[in-house]
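Undergrad: give me a 3D structure for the following:
(one chain, ligands or ions: 1)
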Amino acid sequence: MAILKIRVDDDPILRKESRPVEEINKRIEVLAKDMIDTLHKADGVGLAAVQVGVLRRMIVVETEPGKPIVMINPEILESSGEQDGPEGCLSVPGKRGCVKRPNYVKVKALGLDGKTHEYEGTELFARCVFHETDHLNGILYTDKAWKMIDPDEDEQ
Ligand code: NI
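TA: Residues are numbered from 1 along each chain as shown. Okay, here's the model as predicted:
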């Protein structure tokens, strides 16, 4: 278990496309655990492997606290509807922006058990899945934001 360094801002790795995970081995298991620890430490809801410097198609989504979902080689099966709201990213610290996303997603992915699982959800879960799978293709939410939010205006 370890807290990994999160790549931020204009780190070029964030713009690269991640490759599929070919084998779920000990290394991938350790990476998944470390990603979950890192996500908890950073108090986030999602993290892609590329954000900790590993160009593999793997994300962790934890929109339900205490129930992290590790998705390996995730593939969007269905999306529908629309939502518009604020979004942030652990790799773009101190910023938030408004992004339109589909309101519903169905996604399939391998789990650490090596089996294919399907997940579906709306709102934050859907937003998070789209945001994290974008990371696997080198896309940041700032590319899609129709407005960035002034941090002074939005302090909680
Ligand atoms: Ni992000």
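Undergrad: assumed E78 was part of a strand.
TA: Yes. Under DSSP: H, G, I helix; E, B strand; the rest coil, E78 sits within a strand.
Undergrad: who does it form a beta bridge with?
TA: K106 (DSSP bridges).
Undergrad: from A2, how far out is it?
TA: From E78 across to A2, the span is 36 Å (Cβ to Cβ, to the nearest Å). Heads up, the C-betas are built off the backbone N, CA and C, glycines and all.
Undergrad: ditto for K95
TA: From K95 to A2 the distance is 27 Å (Cβ to Cβ).
Undergrad: repeat that for D134.
TA: Relative to A2, D134 is positioned 26 Å away (Cβ to Cβ).
Undergrad: the more surrounded of these two?
TA: Using other Cβ atoms under 10 Å, the more surrounded residue of D134 and A2 is D134, with 18 against 11.
Undergrad: pretty sure that one sits in a strand.
TA: No. Looking at D134 with three-state DSSP, it is helix, so not inside a strand.
Undergrad: report the contact partners of I76.
TA: With contact taken as Cβ atoms under 8 Å, 6 or more residues apart in numbering, I76 is in contact with 105-107, 129-130, 133.
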